[in-house]
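> return atomic coordinates for the entry below.
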Amino acid sequence: MNDAAQTLLERIKNDGQVNGEIIKVDRFLNHRVDPQLIEVLAAEIAQRFATKQIEKVLTAETSGIILAQPVARLLGVSYVYAKKKKPLTMTDYYAAASFSFTKQESTTLYVSQEVLRPGERVLFVDDFFAKGSTLKAIEELVSQANATLIGSAVIINKSARRDIESILTLDDLQS
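Residues are numbered from 1 along each chain as shown. Model (predicted):
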């Protein structure tokens, strides 16, 4: 287990809670945020994609923004977050539906055509991967833009999929 995974695991044991597939990290990741921890996690993810020629980091509003910003900074690229509401100023856009299992609601994600361009090499970053609805929407947005999704990275992967780069998996938390 790498340093980032060990640090996160200790933090979850001390300040979080794991109850089956429910992982409570409100005190340091997704409500109150520990910026030093985020930097450690972002450095690990950025290192994994350092040689992949990423041109843009893409995430979904709101939880992914906290991680996307430092990952993008470390990779030397900009980041875009798919918005949950389309502003009046967004005239040409890509849109895809997503369902949040945590919030039990459907939403549409929007990205302006001005900020996601054809041919760009994109890294998707988010806090959790559970059922894959957000990633499916992101894949659709990237496809609509004629860009290329190079990879996906999350802090915690709660699924059985192993093609998602993650700091920890649900198996790590339950062992």
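
> let me see the contact set for the residue nearest the centre of the chain.
The chain has Asp126 as the residue nearest its centroid, 1.1 Å off, counting by C-alpha atoms, centre = their mean. Shown in contact with Asp126 (C-beta atoms under 8 Å, 6 or more residues apart in numbering): Thr59, Ala60, Ser63, Gly64, Leu67, Thr134, Leu135, Ser152, Ala153, Val154, Ile155. (Each C-beta comes from the backbone N, C-alpha and C, glycine too.)

> now it: closest residue in space, sequence neighbours ignored.
Spatial nearest neighbour of Asp126, excluding adjacent residues (C-beta to C-beta, 6 or more residues apart in numbering): Gly64 at 4.2 Å.

> that neighbour touches Asp127, doesn't it?
Yes: between Gly64 and Asp127 there is a contact under C-beta atoms under 8 Å: 6.0 Å.

> compare those two (neighbour count), which wins?
Neighbour totals were compared for Gly64 and Asp127, and Gly64 leads with 26 against 23 (other C-beta atoms under 10 Å).

> residues contacting the more buried one?
By C-beta under 8 Å, 6+ apart, Gly64 lies in contact with Tyr81, Val125, Asp126, Asp127.

> look up how far Lys24 lies from the third one.
Meaning Asp126. From Asp126 across to Lys24, the span is 17 Å (C-beta to C-beta, to the nearest Å).

> helices of this structure, start to end?
3-15, 35-48, 65-75, 133-144, 170-174 (DSSP state H).

> residue ranges with poor pLDDT in the protein?
102 (pLDDT under 70).

> what sits against the closest residue to Glu114 other than its chain neighbours?
Spatially, and ignoring its direct neighbours in sequence, Glu114 is nearest to Asp92 (7.2 Å; C-beta to C-beta, 6+ apart). Contact analysis of Asp92 by C-beta under 8 Å, 6+ apart lists Ser112, Gln113, Glu114.
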